[in-house]
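J.: structure here, sequence nowhere to be found:
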């Protein structure tokens, strides 16, 4: 655990140097990559550790984005708005978890998929509060330069990545992580041995919601304008899953690695195939599940950070 | 008959719209091995699941050592001293044998030292598990998995061990070995309720037997009595 933490600190310190490159493109790409990292690590709590294929990421992201945006509309300072977004996602995940986590496998996946759609419709129709389909403008941060703003949001996302990573690391090595692994492998056996499966699953779901919600709020502040189809995009859910599967589900560095790799693919390859973009995504999922269910990190177990987390 | 450890009275239970148990009465005396036999679909597994709290009772009571465990959670049933070795073993396939055993002690609060001692006891009882302790549980043979499942149950320090389908899919030699182990455990004071398809083996192992049919206990008595019962011989043992 200490070793993982150390590697992470070095990694994050290196990433923190990106804004000094002075390249706006790298800064934007880096911020997106960090956001994807938060999303992927969050999915790992419920999908990787507990083995529940959640598609609720888009719901948490959108909920966080709108909570943050509306809070800022009512004059809350940015940091407080982000906290509100995290708490909203946390509470929502708790309620949703109690209801949805009674379902298993595909049933759970489908049910969680619907949530984002429902929220999108709700936000669409609550025009006074959210601006509905017209979207919502956010106040532009009072910072000296555009460069400073870009760097600020980069560091905000990096901070969020660090928090999420710390939570994931702690969970992995805690009783909660052990229990979740048991649930993933055999839920009824875990139940039989006295693991409070409902509590554990809901906890994992809440952890998978809170940081995504905050990422949504940071994203909203970052881009200054959000609209329902943008933040409740089901692709957030799909991407989260692909990223984790790409990197290695249930492992500590897998989600981050997957996020970085995924975004690189997205940037380098897929913009050349705009028409079949989602098709390629689907194909990649199928190939991954069939041939590399444990992710790319499982390919090279000789690397120190691919060591099994037990 | 010794003092009653487990007393199931008029138990009704089922899944959704399907009611499986229709007023089951069953008793396990302290320090005995009791077997539960009956055809497929008679409700044996459902009864086990209701006793260990995995499904709720719709009527009737489950009493254990003076405690009312009707509708208790699995945690409470286990804490009270009932460990369940489920049908099909249900190990954590991708976890090591050692971790599987340690999971059996999940609810215990008597410290790592006591758990380590019990782990050692399990390895002494099933030496093959010591050899395989670092291996993924799912990669073992059926017999080894059953040993692992029983040992996992014992790690919870139960007073009553429920074993569902002891011999299912196992070689006869392994079944004999497991039966010997269960007798040894029983001599140390463990009470056992075992569901078994092979009625001859079951009556051989247990001192008392209950026969279930379509959700009810239709016959009970000492194993010797049932072994000599013409109807039982006809239905389960074949003409010997």
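T.: That came through fine. Bear in mind the structure is a predicted one, so any value in this text is a computation, not a measurement.
J.: CA atoms for contacts and neighbours, from now on please.
T.: Fine.
J.: would you mind listing what in the stretch 101-250 of chain A touches chain B?
T.: The stretch 101-250 of chain A comes close to chain B at residues A:182, A:185-186, A:188-189, A:191-196, as judged by CA under 8 Å from any CA of the partner chain.
J.: among these, who's most crowded?
T.: Using other CA atoms under 10 Å in any protein chain shown as the neighbour criterion, residue A:182 leads these with 28 neighbours.
J.: okay, and which of the residues of the stretch 101-250 of chain A next to chain B map to helices?
T.: Mapping these onto helices (DSSP state H) picks out A:182, A:185, A:188-189, A:191-192.
J.: residue of the stretch 101-250 of chain A with the smallest distance to chain B?
T.: Nearest residue of the stretch 101-250 of chain A to chain B, counting by CA to the nearest CA: residue A:194, 4.2 Å away.
J.: quick one, helices of the stretch 101-250 of chain A?
T.: Secondary structure of the stretch 101-250 of chain A by DSSP state H, counting those that start in this stretch: the helices cover A:105-125, A:127-130, A:146-172, A:175-185, A:187-192, A:197-223, A:228-231, A:234-247.
J.: what does chain B give?
T.: Under DSSP H, chain B gives helices at B:44-51, B:74-80, B:97-104, B:111-125, B:127-131, B:142-154, B:172-187, B:199-205, B:223-228, B:230-232.
J.: dump the ones you listed into JSON lines; add mean pLDDT as well.
T.: Shown next, in JSON lines, are these (pLDDT from 0 to 100):
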{"stretch": "helix B:44-51", "mean pLDDT": "94"}
{"stretch": "helix B:74-80", "mean pLDDT": "92"}
{"stretch": "helix B:97-104", "mean pLDDT": "92"}
{"stretch": "helix B:111-125", "mean pLDDT": "93"}
{"stretch": "helix B:127-131", "mean pLDDT": "95"}
{"stretch": "helix B:142-154", "mean pLDDT": "94"}
{"stretch": "helix B:172-187", "mean pLDDT": "94"}
{"stretch": "helix B:199-205", "mean pLDDT": "91"}
{"stretch": "helix B:223-228", "mean pLDDT": "90"}
{"stretch": "helix B:230-232", "mean pLDDT": "83"}
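J.: which stretch among these comes nearest residue A:76?
T.: The closest of the helices of chain B to residue A:76 is helix B:74-80. By CA to CA, the value is 44.9 Å.
J.: what's that closest one packed up against?
T.: In terms of contacts (3 or more CA pairs under 8 Å, 6 or more residues apart in numbering or on different chains; DSSP states H and E), helix B:74-80 is packed against helix A:187-192.
J.: list the contacts of the residue of the stretch 101-250 of chain A closest to chain B.
T.: B:74-76, B:78, B:106-107 (CA atoms under 8 Å, 6 or more residues apart in numbering or on different chains).
J.: rerun that using 6 Å as the cut-off
T.: B:74-75 (CA atoms under 6 Å, 6 or more residues apart in numbering or on different chains).
J.: residue A:279 now?
T.: Not one residue lies near residue A:279 by CA under 6 Å, 6+ apart.
J.: part of a helix, is it?
T.: Yes: membership of residue A:279 in a helix is supported by DSSP: H, G, I helix; E, B strand; the rest coil.
J.: and the gap between it and residue A:34?
T.: With distances taken as CA to CA, to the nearest Å, residue A:279 is found 25 Å from residue A:34.
J.: next: residue B:151.
T.: Residue B:151 is 46 Å from residue A:34, by CA to CA.
J.: ok, the two, which is more surrounded?
T.: More crowded of residue B:151 and residue A:34, by other CA under 10 Å: residue A:34, with 27 against 24.
J.: any stretches of chain A with poor pLDDT?
T.: For chain A, the stretches flagged by pLDDT under 70 are A:270, A:299-310.
J.: please name whichever of the helices of chain B is nearest to residue A:73.
T.: Short answer: helix B:74-80, nearest of these by CA to CA, at 47.6 Å.
J.: now the helices of the stretch 101-250 of chain A in a markdown table, with distance to residue B:164?
T.: A markdown table is the format used below for the helices of the stretch 101-250 of chain A (distance: least, CA to CA, whole Å):
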| stretch | distance to residue B:164 |
| --- | --- |
| helix A:105-125 | 26 |
| helix A:127-130 | 57 |
| helix A:146-172 | 33 |
| helix A:175-185 | 20 |
| helix A:187-192 | 13 |
| helix A:197-223 | 22 |
| helix A:228-231 | 50 |
| helix A:234-247 | 37 |
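J.: nearest to residue B:231, out of those helices?
T.: Nearest to residue B:231, of all those, is helix A:187-192, at 35.9 Å by CA to CA.
J.: now do that closest one: everything it contacts.
T.: With CA under 6 Å, 6+ apart, helix A:187-192 has contacts from A:182-183, B:74, B:90.
J.: save those residues as a markdown table, and put in distance to residue A:292 too.
T.: Formatted as a markdown table, those follow (distance: CA to CA, whole Å):
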| residue | distance to residue A:292 |
| --- | --- |
| A:182 | 22 |
| A:183 | 22 |
| B:74 | 36 |
| B:90 | 25 |
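J.: if we can go back for a sec, what's the closest of the helices of the stretch 101-250 of chain A to residue B:36?
T.: Closest to residue B:36 of the helices of the stretch 101-250 of chain A is helix A:187-192 (CA to CA; 20.1 Å).
J.: who's in contact with residue A:28?
T.: Not one residue lies near residue A:28 by CA under 6 Å, 6+ apart.
J.: could you say which helix or strand contains it?
T.: helix A:24-43 (DSSP states H and E).
J.: could you give the angle of that helix to helix A:146-172?
T.: Counting by axes from the mean of the first three to the mean of the last three CA atoms, to 10 degrees, helix A:24-43 lies at 20 degrees to helix A:146-172.
J.: for the helix or strand that helix A:24-43 is followed by, name the packing helices and strands.
T.: Downstream of helix A:24-43, the first helix or strand assigned by DSSP H and E is helix A:57-73. Counting contacts by 3 or more CA pairs under 6 Å, 6 or more residues apart in numbering or on different chains; DSSP states H and E, helix A:57-73 packs against helix A:78-100, helix A:197-223, helix A:234-247.
J.: adding distance to residue B:147 and mean neighbour count, write these out as TSV.
T.: Listed next are those as TSV, based on distance: least, CA to CA, whole Å; neighbours: other CA atoms under 10 Å in any protein chain shown:
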stretch	distance to residue B:147	mean neighbour count
helix A:78-100	36	21
helix A:197-223	25	26
helix A:234-247	34	26
